[in-house]
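Colleague: Provided below for reference: sequence and predicted model.
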Amino acid sequence: MNKDIMICGVGGQGTVLASKIIAASAMEEGNTVHSAETIGMAQRGGSVTSHVRIGDRAYSPLIPSGSADLILAFEPAEAVRNLKYLKKGGMAVVNRIPTKPVTESLHPSGYNGTEMIEYLQGKCDCIFVDADEVCASFGSTKFFNIIILGIAAGSGRLGIDKDTILAQIAKRVPARFADINRRAFLKGYEIGAGAA
């Protein structure tokens, strides 16, 4: 399998864990994997991007522009910022709920993600998800990183078996959160399968 996946969001949303689960799952299935994170000012709510390249054609961990098969965007502005990586015919899974920058409290701009969503609708094949709504039954949006993995897997675009991913989730989250993360992934998988 050859697959390039871009994961983007802001600090604290769990993008790095999501990328590590994808990379470990792909390796478990016998694939060569290269990955890299750009975290910058992540601790202050800054942009975070993870490149995951699966397959023998990947000689570098960084995805070239116009080559990503899939973008998993935890925030709409980050989806737009990283859209240049998506190839023609690729797909994006995008959280509709914006994370407002710290500067918004100092100088309100009215950013609510609407313009970003409208822009994306005209540019690529997208599955849009409301993280607040989909995470409500789990009590926290902290589970969105696992849900978005489920959506990608359920859509068929991730190309990794769901049981392989579930096994990696069980290995990588604290034992006391294993069951709720399993349920979050399966909820996302159902959404992805319905959107495929």
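Modeller: Thanks, I have the structure now.
Colleague: need the three-state assignment for the residue nearest the centre of the chain.
Modeller: Ranked by distance to the mean C-alpha position of the chain (C-alpha atoms, centre = their mean), the top residue is residue 72 at 2.9 Å. Secondary structure for residue 72, judged by DSSP: H, G, I helix; E, B strand; the rest coil, is strand.
Colleague: residue 111 too?
Modeller: Under the three-state scheme (three-state DSSP), residue 111 adopts coil.
Colleague: same question for the one 4 residues further on.
Modeller: When the structure is reduced to helix, strand and coil (three-state DSSP), residue 115 reads as helix.
Colleague: going forward, the N-terminal residue is numbered 572.
Modeller: Understood, numbering begins at 572; the last thing we discussed is residue 686.
Colleague: that one: neighbour count?
Modeller: 13 (other C-beta atoms under 10 Å). All C-beta atoms are positioned from the backbone trio N, CA, C, and that covers glycine.
Colleague: follow-up on the earlier one: distance of the residue nearest to the centre of the chain relative to residue 601?
Modeller: 23 Å (C-beta to C-beta, to the nearest Å).
Colleague: could you list every residue that touches the residue nearest to the centre of the chain?
Modeller: 576-579, 586, 589, 663-664, 719-720, 723 (C-beta atoms under 8 Å, 6 or more residues apart in numbering).
Colleague: one more time with 10 Å, if that's ok
Modeller: The contact partners of residue 643, by C-beta atoms under 10 Å, 6 or more residues apart in numbering, come to 576-580, 586, 589-590, 593, 621, 623, 650, 653, 662-666, 698, 716, 719-720, 722-723, 728-729.
Colleague: may I ask you to name the longest helix in the chain?
Modeller: Secondary structure assigned by DSSP state H gives helix 749-766 as the longest helix of the chain.
Colleague: break down the protein into its helices, ranges please.
Modeller: Under the criterion DSSP H, the chain contains helices at 586-599, 647-652, 674-677, 685-692, 702-706, 715-726, 733-743, 749-766.
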